[in-house]
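# how would this look folded up:
(4 chains)
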There are 2 protein chains.
Amino acid sequence: MDRFLSNAVNNIDSKGRVSVPAIFRQVLAQRADPQLYALQSIAHPAIDVGGMDLLQRYEDRMKAEDPFSETFADMSLFTYGDGAFLKFDSEGRITVTDFIRTHTGITDRVAFVGRNDFFQLWEPSQFEAHRAQARARLARLHLSKGVSQSTPE
Amino acid sequence: MDRFLSNAVNNIDSKGRVSVPAIFRQVLAQRADPQLYALQSIAHPAIDVGGMDLLQRYEDRMKAEDPFSETFADMSLFTYGDGAFLKFDSEGRITVTDFIRTHTGITDRVAFVGRNDFFQLWEPSQFEAHRAQARARLARLHLSKGVSQSTPE
DNA sequence: TGGGCCATCTTGGGCGTCAATGGGATTGCC
DNA sequence: GGCAATCCCATTGACGCCCAAGATGGCCCA
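Alright, predicted model coming up:
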């Protein structure tokens, strides 16, 4: 298994820690550099978490911009200023910092959501709402294209 | 870790000192020349702090300007005339001088913002405003291009 | 097929270390 | 003789590391 799939909700303990699902940790363990890179998603109240390859993707994207343009500055600020490295404790937990809480609204439970090459942290009920909306959008898309509802989503 | 990433806000004490985040100090400690050079950022009410390589960045920026222009002269003055060296005390703190305060509006708290090969000092609320604007611009960029969900957000 | 055993994961808490912060004392320069 | 920079030490709180227990699910065997 080399992708982040499925989702799970885990509890935050009194010290602000939460276990990263074992399935996700196994994916990370296969990598050369097990470092975790996290950033505050632009489109959602969620934290995007991945390995160094995630950071690399953003840097590659920035190379396409004029280094002195405002867009480049914005991207750089977002990638480095709004990013953070997460550390596992010896049990595979991460601590939920304010960096995570303020952007997501997470208080005592965390939804881990696989996104193939990275995963996200959500406040569980917000994720539920977001998922319902995404489903509705996809359903409309199918209908407008004349695709039957029985098609796998 | 060899880059400045993440942001943090620290307090200035009654003697005008502020701790540089340990993560940033660790990055600096890995360098051959641990000297810190600080410049007043051109585009923002912030101080750019980095090693001697920071100068290189500014020189590249100047190459994009017409050497006969007033802008070039101004930038040259900024880069070479208005720089300052920062010194750590034995606890890893720096003193916040007027050089820093006047350009940033910093009074009692400092936001440290990683920018990959250097970092910035901001007045916290101004940084917050700037960050919000940058994110809004990036969000618009995404929407106008209709970027798909699988793209990093 | 049902029950029990075992491996693994999630969760809880103790404890030592380090970072951030505050303040006193000393040095050096103007 | 100040003012400021520097050094040293103390306190507090956060974080990392370790060990322990409850929960879960899979597997084996009777």
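
# Quick check: residues of chain A near chain B?
Of all the residues in chain A, those in contact range of chain B (Cβ under 8 Å from any Cβ of the partner chain) are A:35, A:41-44, A:48, A:54, A:57-58, A:61, A:67-68, A:70-71, A:73-85, A:99, A:116, A:118. No exception for glycine: its C-beta is placed from N, CA and C like everyone else's.

# Now do the buried residues in stretch A:98-113.
For stretch A:98-113, burial by neighbour count (16 or more other Cβ atoms under 10 Å in any protein chain shown) applies to A:99-100, A:103-104, A:106, A:110-113.

# Could you report the neighbour count for residue A:121?
25 (other Cβ atoms under 10 Å in any protein chain shown).

# Next, work out how far apart it and residue A:132 are.
The gap separating residue A:121 from residue A:132 is 19 Å, by Cβ to Cβ, to the nearest Å.

# name the helices or strands packed onto whichever helix in chain A runs longest?
Residue-count comparison of every helix in chain A, with assignments taken from DSSP state H, identifies helix A:124-144 as the longest. Helix A:124-144 is packed against strand A:109-114, with contacts defined by 3 or more Cβ pairs under 8 Å, 6 or more residues apart in numbering or on different chains; DSSP states H and E.

# so which residue of chain A comes closest to DNA strand D?
residue A:87 (3.8 Å; Cβ to the nearest atom of the strand).

# hang on, that residue packs against residue A:97?
No - contact between residue A:87 and residue A:97 fails when scored by Cβ atoms under 8 Å: they sit 10.6 Å apart.

# Which one's more surrounded, these two?
A side-by-side neighbour count of residue A:87 and residue A:97, using other Cβ under 10 Å, places residue A:97 first with 14 against 10.

# Would you mind listing the residues in contact with the more buried one?
The contact partners of residue A:97, taken as Cβ atoms under 8 Å, 6 or more residues apart in numbering or on different chains, are A:16, A:84.

# Model confidence at it, what's the number?
Model confidence at residue A:97, given as pLDDT, is 95.

# which regions of chain A sit below the pLDDT cut-off?
Under the criterion pLDDT under 70, the flagged ranges of chain A are A:1, A:145-153.

# Spell out which parts of it neighbour DNA strand C.
A:8, A:10-11, A:13-15, A:18-22, A:25-26, A:91-93 (Cβ under 7 Å from any atom of the strand).
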